[in-house]
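**Q** What shape does this take:
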Amino acid sequence: MNICNREGGRCAAMALVCLTDFEQYAKEHLSKATWDYYAAGADECCTRDDNLLAYKRIRLRPRVLRDVSVSDTRTTVQGAEIGFPVGVAPTAFHCLAWHEGEVATARATEALNTCYISSTYSTCSVEEIVAAAPGGYRWFQLYVYRDRELSEQMVRRVEALGYRALVLTVDVPFTGKRRDDIRNRFRLPPHLKLKNFEGLPQAAAEDYGIPSNTLDPSISWKDIHWLQSITQLPIIIKGILTKEDAELAVEHGVQGIIVSNHGGRQLDGGPATIDALTEIVDAVQGRMEVYLDGGIRTGSDVLKALALGAKCVFIGRPAVWGLAYKGEDGLREVLQILHDEFRLSMALSGCRNVAEINRNLIQCSKL
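**A** Next comes the predicted model:
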């Protein structure tokens, strides 16, 4: 892994050994508007930043003399086995980072045998994603639109293509205020398209090049019943941050929760996702799987999230950094680093497999 940085005709090589290295590479090589779009948080970015800082406040209680000569990072999500408990979260516009966009993402996640949640707002279509990685394990991120027929058409498409679950994103009744995007007047460049909307009627573009006035701010729990009536796919709700909403999710019979604050891009001042995780896990009491995104940067972060009850975690921005570095190969390197760091953290904590990770690994002050 090398960065080539030409200054005065000289090329300096530097190994990329952690996710922060990929972040720095992306910041130096993406356009300012693109970097600001990916990096943006809402308002003063307090929640975005706390997603990372919260992990640094958590301390582990490692066990020793446990024979960790052999370790197994495999786990299951919604009954499917994956190679390790780190997937790729739904993020928009991957072609901004790499010309192959979500096609490269799909190939990388297939190669690492993990879960990819493809975004509604992809710059490659769901059909292109499946064709590129036919053996991949995929979920689809769904929004509920004012035009319910549009949402239903998307559900039918991904069902037919073999997607394995729907991830209903519920924390965007309106788009959060992202100051740098406003300053940059960010829009999707004209050479890129929202491929999942091709051939469908669209209003004039407004937010980020996304068709305006399509998302329905009146969405409520009753829409869960509507969605269940049109699909047999598992429904996972993304964007829950409180035990009260977790209990409602259980009551409405969904199959999973992703504890998420949209990368700090929606409501500033909300909790870091790792801080919200424990009350949600306690409320659910094992009646559905609980996942998490936001702030994962190291293998020990993954270990901490699993110890506090997450079944799997998902990365957003780091996946884009990997694409910006070297497309499919860059994202594979990001995922491999997290895999190797997670396995090392497991071993150093005395865990031989994912089933041995539990709250006893976390100092009680954080529970």
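
**Q** all contacts plus neighbour counts: C-alpha atoms, from now on.
**A** Fine.

**Q** Which residue ranges of the stretch 201-350 of the chain form strands?
**A** With DSSP state E, counting those that start in this stretch, the ranges of strands along the stretch 201-350 of the chain come out as 205-207, 210-211, 235-240, 256-259, 289-293, 312-315.

**Q** And these, which one averages the lowest pLDDT?
**A** By mean pLDDT, the lowest-scoring of these turns out to be strand 205-207, with a mean of 50.

**Q** sorry, back to before: of all the strands of the stretch 201-350 of the chain, which one is nearest Leu65?
**A** Closest approach to Leu65 among the strands of the stretch 201-350 of the chain is made by strand 312-315 (26.7 Å; Cα to Cα).

**Q** in the chain, which helix has the most residues?
**A** When the chain is scanned for its longest helix (criterion: DSSP state H), the result is helix 317-349.

**Q** any idea of the mean pLDDT in it?
**A** 98.

**Q** Show me what that helix packs onto, helices and strands only.
**A** Under the contact criterion of 3 or more Cα pairs under 8 Å, 6 or more residues apart in numbering; DSSP states H and E, helix 317-349 touches helix 19-29, strand 86-88, helix 102-111, helix 299-307.

**Q** Please identify the buried residues of that helix?
**A** Within helix 317-349, the residues that qualify as buried are 317-335, 337-339, 341-349, counting by 16 or more other Cα atoms under 10 Å.

**Q** And for stretch 285-298?
**A** Those would be 288-298, for stretch 285-298 by 16+ other Cα under 10 Å.

**Q** Can you verify my assumption that Arg265 contacts Cys46?
**A** No: using Cα atoms under 8 Å, Arg265 is not in contact with Cys46; the gap is 10.0 Å.

**Q** quick one: which of the two has more around it?
**A** Arg265 (23 against 18; other Cα atoms under 10 Å).

**Q** Out of the strands of the stretch 201-350 of the chain, flag the one nearest Gly136.
**A** With respect to Gly136, and counting by Cα to Cα, the nearest of those is strand 312-315 at 15.9 Å.

**Q** Show me what that closest one is packed against.
**A** strand 86-88, strand 289-293, helix 299-307.

**Q** For the shortest one, give me every contacting residue.
**A** The reference is to strand 86-88. 109, 114-117, 302, 312-316, 319, 335, 338-339 (Cα atoms under 8 Å, 6 or more residues apart in numbering).

**Q** do the same with stretch 224-244
**A** 78, 152, 155, 159, 164-171, 246, 249, 252, 254-262, 271, 273, 276-277, 279-280, 282-283.

**Q** Which ones among those residues map onto helices?
**A** If you go by DSSP H, the contacts of stretch 224-244 have 152, 155, 159, 246, 249, 273, 276-277, 279-280, 282-283 in helices.

**Q** This completes my enquiry, with thanks.
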